[in-house]
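Visitor: Return atomic coordinates for the entry below.
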Amino acid sequence: MKKHNFYAGPSILSEYTIKNTAAAILDFAGTGLSVLEVSHRSKEFQAVMDEATALVKELLDVPEGYSVLFLGGGASLQFCMVPFNLLARKAAYLETGTWASNAIKEARLFGEVDVVASSKDANFTFIPKGYTVPEDADYFHFTTNNTIYGTEMRYDPDVNVRLVADMSSDIFSRPVDVSKYDLIYAGAQKNLAPAGVTIVIVRDEALGRVDRPIPTMLDYRTHVKKGSMFNTPPVLPIYSALQTLRYYKELGGVKELEKMDLAKAAKLYDAIDSSRIFEGTVTDPADRSIMNVCFVMAPEYKELEKDFIDFATTKGIVGIKGHRSVGGFRASLYNALPMESVDVLVEAMKEFEAKH
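Guide: Now for the predicted structure:
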């Protein structure tokens, strides 16, 4: 039976990425060696790093004066690396979910943090608006997409300070005005590659402005200078990321990906909104994520949640159980997920509703 993978992360990868990565595990670039065992200093792998860097810049239209890094440690390491390198006096943060809260906790180890707004009291079911970012902040940090709660900021905030964003779960799903940002980071395991590598896009002039000593491995300048090769990089995830980036370019780039993502999300949200037994957890369409669609059973049908998951499993649908913080269901519609899978889920919802 064909599987329809809605896991939130690690998550679905394109067939293109999986096949090409699998081939390189057996024979990388005609070397007779696996990509798992080849030297990261070899000219063959250097070519991988160079092309992946160039494609990130091309697909996101990164302007001059920015460096693209491929680092280990996941996005969670960036929660401390960002303030370590950028927080000189005070930073502003927007609290919209678990990962934003974790980033705030880490930033407070390095200086003053102004949480300009939070939706925590409403279980993060909306994106705060109408807040003011202090003009003396070193940067304004926000999380673009909240995988657990199903909210998303599909825009670049217009404020009077430089931006820093965690785009782990929606990078390459919309055009971004990179020139507004001092730094963008994204764990790869949702929209790009297997877990193990994090992309960082950093404005070179933003670095070196804090007085504190920074450990070598946590200093972005170390990795800029060494081209992400100061220590052994996560070779396999970077190679997989390159395959995904090639695939994105073949599809027509970020604008085409956004069209496909919007269409998938619209179809699923329409099914939820027109249902009598399912209901969305994020009610304002402007705040709804097109990457992670969260929904639950209406109160009078609450006891049927496990039954629906069991029913969906018979259709080949996997990974739709909601996070424990929200309950219900979560369907992750990352770039690699085909419309066919959304159609199967929608039909399963309609069939289940007709029976109950």
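Visitor: Pull out the buried residues from stretch 154-165.
Guide: By neighbour count on 16 or more other CB atoms under 10 Å, the buried set for stretch 154-165 is 154, 156, 159, 161-165. (C-beta placed from N, C-alpha, C; glycine too.)
Visitor: for the closest residue to residue 38 other than its chain neighbours, phi and psi?
Guide: What sits nearest to residue 38 in space, not counting adjacent residues and going by CB to CB, 6 or more residues apart in numbering, is residue 28, at 5.4 Å. Main-chain dihedrals, residue 28, degrees, to the nearest 10: phi -90, psi 120.
Visitor: residues near residue 28, how many?
Guide: Look at residue 28: counted by other CB atoms under 10 Å, it has 21 neighbours.
Visitor: list the contacts for it?
Guide: 34-35, 38, 44-45, 239 (CB atoms under 8 Å, 6 or more residues apart in numbering).
Visitor: quick one: contacts of stretch 59-66?
Guide: Stretch 59-66 has contacts (CB under 8 Å, 6+ apart) with 56-57, 68, 171-172, 175-176, 178-179, 201-205, 245, 248-249, 253-254.
Visitor: Now do stretch 231-249: distance to the chain's middle.
Guide: Remark: stretch 231-249 is offset 15 Å from the chain centroid, using CA atoms, centre = their mean, to the nearest Å.
Visitor: Name the residues of that stretch that are buried.
Guide: Here stretch 231-249 shows 233-248 as buried, counting by 16+ other CB under 10 Å.
Visitor: what do you get for stretch 139-156?
Guide: 139-154, 156.
Visitor: downstream neighbour of the biggest helix by length in the chain in the secondary structure list?
Guide: Counting residues, the longest helix found in the chain (DSSP state H) is helix 254-273. Per DSSP states H and E, helix 254-273 leads on to strand 278-280 as the next helix or strand towards the C-terminus.
Visitor: Parallel or antiparallel, which strands does that next one pair with?
Guide: Strand 278-280 sits in its sheet next to strand 292-297 (antiparallel), going by DSSP bridges.
Visitor: Pull the residues that contact the partner strand.
Guide: For strand 292-297, contacts defined as CB under 8 Å, 6+ apart pick out 8, 145-150, 152, 169, 265, 268-269, 272, 277-282, 302, 304-305, 308, 322, 326-333.
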